[in-house]
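A.B. asks: just a sequence and a predicted model for now, questions to come.
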Amino acid sequence: MPPRLALRIAAYLLVVDAIGTLVLAGLLGPLGLALIAVALGASWWRARSRRPMTRLDRWLVLLVAGGATIHLVYVAQSPLDGFVYLLLLLILLRLFTARSLGDLRDAGLLSFFMLVASASVTFGVGLLFAFIGFLALGTWMLMLHHVVSESERAEQDPETPGLFRVSIVGSLAAILITGSLFFVIPRVGQASLPIRAELRRMITGFTSQVELGAIGEIETDTTVVMRVSFPDLGAVPAELPGLRWRGITLDQFDGRGWTASRPERRALRTPPSGVVWVAPPQRAARTITQDIFLEPIGTDVIFAMPRVLTVRLAGPGVLADDAGGLSVSTPAARLHYTVESEPEQIARRAIARSLDAATRERYLQLPPLPDRIPALARRVTTGAATDHERARRLTDFLVREFRYSLTQTRTTGADPLEDFLFVRRSGNCEYFATALAVMLRTVGVPSRVVNGFQRGEWNPYGEYFAVRLSDAHSWVEAWIEGIGWLTFDGSPRAEVATSSGGWLALHLDALRMRWYRYIVNWSLKDQVDLASAIRHTARGWRPEWPALGGWDGARTPMVVGVIVAGVVVAWSLGRGGVVRRARGRRAVPDFYRRALRLLARRGIRPGRGETAREFSARVATQTPACGVALDALTVAYERVRFGSATLGPGDIALIAASLSSLRS
C-alpha cells in the first residue's frame, strides 16, 4: 500500500473511532451518524478526484458554518452538544479541503477532542477499547506523516516496512506507561462538570410525590442501575433472604398517590475520616457492609439495606430526612459509596421508646375511603391480638388472594385502590403496598410506603448483586410497639429474580464492574491502600534457602530441572546473538570487504554513519583514480546485499577487474 494512501486511511479511521465514542456516549444519534457517514464518504471521493473547490463549494461551506453557529447558540440542548457538532464541522471541513499532509494530520488530532467530550458523560468499558484503538491509529498516523513528509522533502520514495507493527509496539508502551502513571499520580478529589444537564433516564418512582403505577412504567426495563458487593460476607447470597434496597419513604395518601409530608432534609456532618454517622446501633446484632455503585438514574436518593448506620461517600454531602431516607445534592453523578447497615430481625430485644401523638397521627392519615375497604381489613384481622399479628394476616391475605400483574387497565370508575381490591384483584407492587398500608391504618397500625429495589441478580463472576430498573419495588414499613419499624411485603413478586440473558452477559457486566471500580472510581484511598500493601509485602519478604540436606526426593529433581532449563535458555540466547552477528557479518559480500581493505591501505575509510553510496561519491571526488572501480563495486554490493541478486559471469569479471584496478 502506498504510504500516502495509508496515511489517509489512518486519518479517516482515527476520525471514525472518535465518532464511535460519541455514539457510545449518546451525543450522536442514528440520523446524525448517517449524515456524518455520507459526509465522510463525500470528502474521501473529493480527495481522490483532486477537484479544486468551486464557488458552489465555498457557498456550501459558509451555509454549513452558519447553521452550526445557530445550532450552538439557539438549538443545542447543552454547551457540550453545541461543542460536539461544531467540532464535527471543523473536522469535516478539514477533510473536504485537505491539500497537504498537515491537513490530514490536523483532522486526526482534532478528533481527539471528541474522545474527551465523550469521556465527560460516559464511563462505560467500551470507552477503553475505543481509546486503545485511537492510540494505535494515532501512533500509526503520526509515524506515517513523518515518514512521508521527510521522504518528500528528500525527493525519495518512502518505504514503510513494518511501520504498523512498530506503531502497535509504541502504543502498547504508551498504554503501559500511562497506566502506571494513572495508578501512581495522587488524586485530589472528584470533579463533576455540569455541561450536559439532560439525563438518559428520569425515574418518577423516587420523588417526593408518586402516583399509583409510576414504578410499573419502569418494571420492564432490564438496564442495570446498581451493583452491590459485600466485602465482609464474600460470595454467599443465600445468607441474605428478603434483601431490599431502601430508597424514599412516603407517608401521605390522597386516594390516587403518595407524597412525603416532610420532604425537608438535614445535612449530616462529615468528619475528617469520611464516615458519616446516620443512626446509632439499637441491637447487638451483626452489621452488614455494602459497597454500592449507583448509576445516574435521575434521582438524588441513596439506596441501601435498612437500617443504615454509617455512610462513606466521596464528593457531595449526605442528607437525611426524619423517616431514615438518605440522599445527595448531585443527582446526575454516578455514585460510589459504602454503607454499614443493621438488618431487621424479628427476635430481638425491645426498645423503650414509642411514637408520640403527632407522629402516630401522621402515619395513620387517610383520605375518605369507601366503607368496604375498612370492613375488609377488620374482617381479615378478626381475632388478632397484636399489631404484629394484624400486619402478618393482612400481608398473607394479599399474597394469597391477589395476583401480580404489570397491566394497569381499569374497567370501572372507582378509585384506583377500590378497583384493585374488589374488581381487578391484580396489579403491580405499588397497588399491593398501598392496599397493605391503607388497611393497616384502618385497623390502627401506623404504616408508611417505601420505594426502592428488591434483591436483584447475583453475578457469580463479579461476586455482586446486579440491580436493574425491573427490580424497582414498593413495600410497607409498620410500627410495632416494643420493636419499631418492621418491613411487610404483600406483593407476590417480592422474591421474583430477574435474568440477565446468560453467562456472557454476566461476564460482560462483571467486566464493567471492574472498570468502574478500578479505573473510573480509583481514588486516593485506593492508592494509599495499594502503597501500604506493597510496603507490607516488601517488609515481610525474606528469601528462604533450605539446607541441601533438607531437600526431599520430589523437590530435588524439580530444582535441578529449573536450573538446567535456565542454563539452556541462556545458552540459546547467547548462541542466537552470536549467530545473528555472524549472519550480519556474512551479509557483507567478500569482494566489498576486500575493496574496503585495499582503500584502507591508502588511508581511505568510510565515515561513521556514511552509506556505501555516499562513500563512493566522496572517494570519486577525492581520489578520481579509484572512483570508477569503487562505483562498480558499490553497485554490485547493493545488488547482492539488498536486492538478493545472483552474480553472473560478466558481473564476476567486472568485480575482479575493479579489484585489480584498486590494487594497482
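C.D. replies: Yes, it's here. Since this is a predicted model, take the numbers as computed values, not measurements.
A.B. asks: mind telling me what element Q290 is part of?
C.D. replies: strand 288-294 (DSSP states H and E).
A.B. asks: residues contacting that strand, please?
C.D. replies: 225-233, 240, 302-305, 334-343, 513, 516-517, 521 (Cβ atoms under 8 Å, 6 or more residues apart in numbering). Where you see a C-beta, it was placed from the backbone N, CA and C, and this is true even at glycine.
A.B. asks: quick one: strands adjacent to it?
C.D. replies: strand 224-229 (antiparallel), strand 335-341 (antiparallel) (DSSP bridges).
A.B. asks: if we can go back for a sec, any of the contacts of strand 288-294 buried? List them.
C.D. replies: 225-230, 240, 302-305, 334-342, 513, 516-517, 521 (16 or more other Cβ atoms under 10 Å).
A.B. asks: could you break the protein into its assigned domains?
C.D. replies: 3-184, 204-518, 586-663 (automatic domain parsing).
A.B. asks: now the ones you listed in JSON lines, please, with extra columns for distance to L530.
C.D. replies: Shown next, in JSON lines, are the domains of the chain (distance: least, Cβ to Cβ, whole Å):
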{"stretch": "domain 3-184", "distance to L530": "7"}
{"stretch": "domain 204-518", "distance to L530": "10"}
{"stretch": "domain 586-663", "distance to L530": "46"}
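A.B. asks: looking at these, which is nearest to R539?
C.D. replies: For the domains of the chain, proximity to R539 was assessed by Cβ to Cβ; domain 3-184 is nearest, at 20.0 Å.
A.B. asks: what's the mean pLDDT across that closest one?
C.D. replies: The average pLDDT within domain 3-184 is 77.
A.B. asks: end to end on that domain, go ahead and measure it.
C.D. replies: Using Cα to Cα, to the nearest Å, one end of domain 3-184 lies 39 Å from the other.
A.B. asks: which residues of the stretch 101-250 of the chain fall in helices?
C.D. replies: Using DSSP state H, counting those that start in this stretch, the helices of the stretch 101-250 of the chain run over 101-110, 112-119, 126-153, 163-184.
A.B. asks: and W479, how many neighbours?
C.D. replies: Look at W479: counted by other Cβ atoms under 10 Å, it has 21 neighbours.
A.B. asks: same check on A533?
C.D. replies: Under the neighbour criterion other Cβ under 10 Å, A533 is assigned a count of 10.
A.B. asks: before we move on, back to that, what is the mean pLDDT for the strand holding Q290?
C.D. replies: In this model, strand 288-294 has a mean pLDDT of 91.
A.B. asks: immediately after that strand, which helix or strand?
C.D. replies: Using DSSP H and E, the first helix or strand after strand 288-294 is strand 301-302.
A.B. asks: return the backbone torsion pair for the nearest residue to L243 once chain neighbours are set aside.
C.D. replies: Excluding its sequence neighbours, the residue lying closest to L243 (Cβ to Cβ, 6 or more residues apart in numbering) is R455, at 4.3 Å. Dihedral angles of R455 (phi, psi; degrees, to the nearest 10) stand at phi -40, psi -50.
A.B. asks: where's R455 relative to M513, distance?
C.D. replies: Computed as Cβ to Cβ, to the nearest Å, the R455 to M513 distance reads 17 Å.
A.B. asks: do D590 as well
C.D. replies: In terms of Cβ to Cβ, D590 sits 65 Å off from M513.
A.B. asks: how about T287?
C.D. replies: T287 is 23 Å from M513, by Cβ to Cβ.
A.B. asks: what's the next secondary structure element after the least confident helix or strand in the chain by mean pLDDT?
C.D. replies: Ranked by mean pLDDT, DSSP states H and E, the helix or strand of the chain with the weakest confidence is helix 555-586, at a mean of 54. Going down the chain from helix 555-586, the next helix or strand is helix 590-601, by DSSP H and E.
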